[in-house]
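A.B. asks: take this sequence and fold it.
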Amino acid sequence: MLFRSQSGLHQAIAILPATLTLLCVLGASAAGQDRPIPKWELYGGYSLFYPGGDVHGQRPAALLPLSSRLETNPHGAGVSGTYNFNRWLGLTIDASTHWGSGETNLATRIDDTRFTNISLGPKITFRSAHFSPFLEALAGDHRLVPEAFHSVDKLGVMLGGGLDINLSRHIALRLLRADYVFSTYRFAPGAVPTTDIRGVRLQTGLNFMFGGGEPAVAPSAACSAQPTDVYAGEPVQITVNPSNFNPKRTLSYGYNATGGKVNGTGPTLSVDTTGLNSGAYTVTANVTDGKKGRASCAATFNVKQAQAPTISCSPNPATVEPGGSSTINSNAGSPDNRRLTYSYSASAGTISGNDASATLNTAGAQPGPITVTCNVADDRTPPLTASSTTTVTVEVPPPPPPPPPAASKINQIEFPNLQKPWRVDNTAKAILDDVALRLQREPDAKLVIVGSQEETERRKNLSAERAVDAKAYLTQEKGIDPSRIETRSGGTAGKVAEFWIVPAGASYSGSEATVDENLVKAIPDHPAARRGVKK
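C.D. replies: Numbering: from 1, shown residues only. Reported below is the predicted structural model:
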């Protein structure tokens, strides 16, 4: 086999290891950078091929055997498409074609030779914000078509890499793509020697990128203070919320404050405000992931001037009888929204309570004013306090009220007639006339008539009949309103009917049964004869 070394080929092969080394260095430096990962890449550009080999074969019988040297600088074009599985690994399908000068010179034995390939293989990319160096290994069909022989397809291999310069999210300049090309050909069965391709393919062009989501957002951080308004000595919590950092990296936090003591090194810390004067203070947080991811933020809190609570109080009622009690109501507040406690004292009597209300008991106190002092204190150490006073007056006791009205017995009538034991005789009528006169003088009073009978008297409802007959005389003969008279039966006073006057506001307390006047009717003094019966 014959090889003709070309100076250009030697130079290309000599710079190839250095180029790959440079790509690896750039890849290592770019590995830590964050950048959107395209799902698809489509490359197209110019391709230059150094075959680095000679072709030996036979012409037709009419011609003498010839040696053809592969043209050293065939020009061409190349395209490739890559599907990226993740940030690093992709699968590339590659195609390129190269052609010579288009003429054959028998004197110099230079043939026009074409080289075409379709290959598939993995691609490893080291991505950064501006550079994306890569390495690739491709295998596939390599077709060699020398002018003096027929075309031959063989399995070939390409090993190399390149450097993309990112112009935008979707376009990159492929500054250089360099691959070492390896394939072996035999132009006739059993022909020896074979033709070996040991060359270099160089390309440059544009790489178009698609998919992969939105562009990476720069790291940031947000700071907050809780609470934002405090009093000296109260703690303030600072919280930092970082975003858009690489989740695989550990974040570190640094803080500085314009006042107070910072306690903590994580995303949440406490600021001790003891001894700070009133005013605004700022805490600045710096977040880093140990690489180039950095962000900062600031939170502000305000230290307020402490204010004492306020209180006012009032009694309910303001005037009480001796021994009475009054409720003392306090209206207190803290401008600083502090928790409050209450206490009370009185110049006389006793007072109890420890919240917003208290009770003053005036037992044992002399008539006259009693001064009550209401106190309130907040929960500071030492506390801020406030006081207020009010007055409760103990009156001179009034005279006792008159006794309440009560029902009283004013008279009674007797029923001595054995034949007509219910009959209201003239003696009874004279007494009833006095009762009627009493009712007329007291129009608001009512009358209760209680009928009685002795145990030896066997007539049914006799006590009720005596009460009803007495009422009948008062209403029918004296014109008393029937609604003012109540009849009862079951008294135990004997053959009598008792009369109880019930003043307005009083009530009758007897337990006798009320007479049902629908069932028990008044018996006239001379009852009518029954129909059909002779006297």
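A.B. asks: any idea whether the closest residue in space to residue 181 that isn't next to it in sequence is helix, strand or coil?
C.D. replies: Spatial nearest neighbour of residue 181, excluding adjacent residues (C-beta to C-beta, 6 or more residues apart in numbering): residue 199 at 4.9 Å. From N, CA and C alone the C-beta is placed, and that goes for glycine too. The three-state label given to residue 199 by DSSP: H, G, I helix; E, B strand; the rest coil is strand.
A.B. asks: for residue 438, give me phi and psi.
C.D. replies: For residue 438, the backbone dihedrals (degrees, to the nearest 10) come out as phi -60, psi -40.
A.B. asks: can you count the residues close to it?
C.D. replies: The tally of other residues near residue 438 (other C-beta atoms under 10 Å) stands at 14.
A.B. asks: may I have the predicted confidence score for the residue nearest to residue 181?
C.D. replies: Note on residue 199: pLDDT of 87.
A.B. asks: again, but for residue 34
C.D. replies: The score at residue 34 is 52. That number is its pLDDT.
A.B. asks: can you check residue 92 too?
C.D. replies: Looking at residue 92, the pLDDT reads 96.
A.B. asks: elements contacting the strand or helix carrying it?
C.D. replies: Element membership for residue 92 (DSSP states H and E) is strand 89-99. Using 3 or more C-beta pairs under 8 Å, 6 or more residues apart in numbering; DSSP states H and E, the elements in contact with strand 89-99 are strand 40-50, strand 75-84, strand 113-125, strand 131-146.
A.B. asks: which intervals of the protein have sub-threshold pLDDT?
C.D. replies: Applying pLDDT under 70 to the chain flags the ranges 1-35, 53-73, 100-112, 147-149, 187-193, 213-216, 526-535.
A.B. asks: just so I have it, where are all the helices in it?
C.D. replies: For the chain, the helices defined by DSSP state H cover 7-30, 426-441, 462-472.
A.B. asks: dump the residue contacts of the nearest residue to residue 241 once chain neighbours are set aside.
C.D. replies: Excluding its sequence neighbours, the residue lying closest to residue 241 (C-beta to C-beta, 6+ apart) is residue 222, at 4.8 Å. By C-beta atoms under 8 Å, 6 or more residues apart in numbering, residue 222 lies in contact with 240-241, 243, 297.
A.B. asks: which of those residues sits closest to residue 269?
C.D. replies: residue 240 (8.4 Å; C-beta to C-beta).
A.B. asks: okay, and the beta partners of the nearest residue to residue 285 once chain neighbours are set aside?
C.D. replies: Distances taken as C-beta to C-beta, 6+ apart place residue 240 nearest to residue 285, at 4.7 Å, with adjacent residues excluded. Here residue 240 sits in beta bridges with residue 223, going by DSSP bridges.
A.B. asks: what about residue 240, how many residues nearby?
C.D. replies: When counting by other C-beta under 10 Å, one arrives at 23 neighbours for residue 240.
A.B. asks: surely it and residue 284 touch.
C.D. replies: No: at 10.4 Å, residue 240 and residue 284 do not qualify as touching, with contact defined as C-beta atoms under 8 Å.
A.B. asks: which residues are common contacts for these two?
C.D. replies: In contact with both residue 240 and residue 284: 223, 297, using C-beta under 8 Å, 6+ apart.
A.B. asks: give me the most central residue, the protein.
C.D. replies: Residue closest to the average C-alpha location in the chain (C-alpha atoms, centre = their mean): residue 226, at 17.1 Å.
A.B. asks: for it, give me its contacts.
C.D. replies: Contacts of residue 226 by C-beta under 8 Å, 6+ apart are 236-237, 239.
A.B. asks: and the helices and strands packed on strand 89-99 as a markdown table, adding distance to residue 292 and mean neighbour count?
C.D. replies: Compiled in a markdown table, the helices and strands packed on strand 89-99 are given as follows (distance: least, C-beta to C-beta, whole Å; neighbours: other C-beta atoms under 10 Å):
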| stretch | distance to residue 292 | mean neighbour count |
| --- | --- | --- |
| strand 40-50 | 25 | 20 |
| strand 75-84 | 23 | 19 |
| strand 113-125 | 19 | 20 |
| strand 131-146 | 14 | 21 |
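A.B. asks: residue 324: which of the ones you listed is closest?
C.D. replies: So among the helices and strands packed on strand 89-99, strand 75-84 is nearest, using C-beta to C-beta, at 92.2 Å.
A.B. asks: many thanks, I have nothing further to ask.
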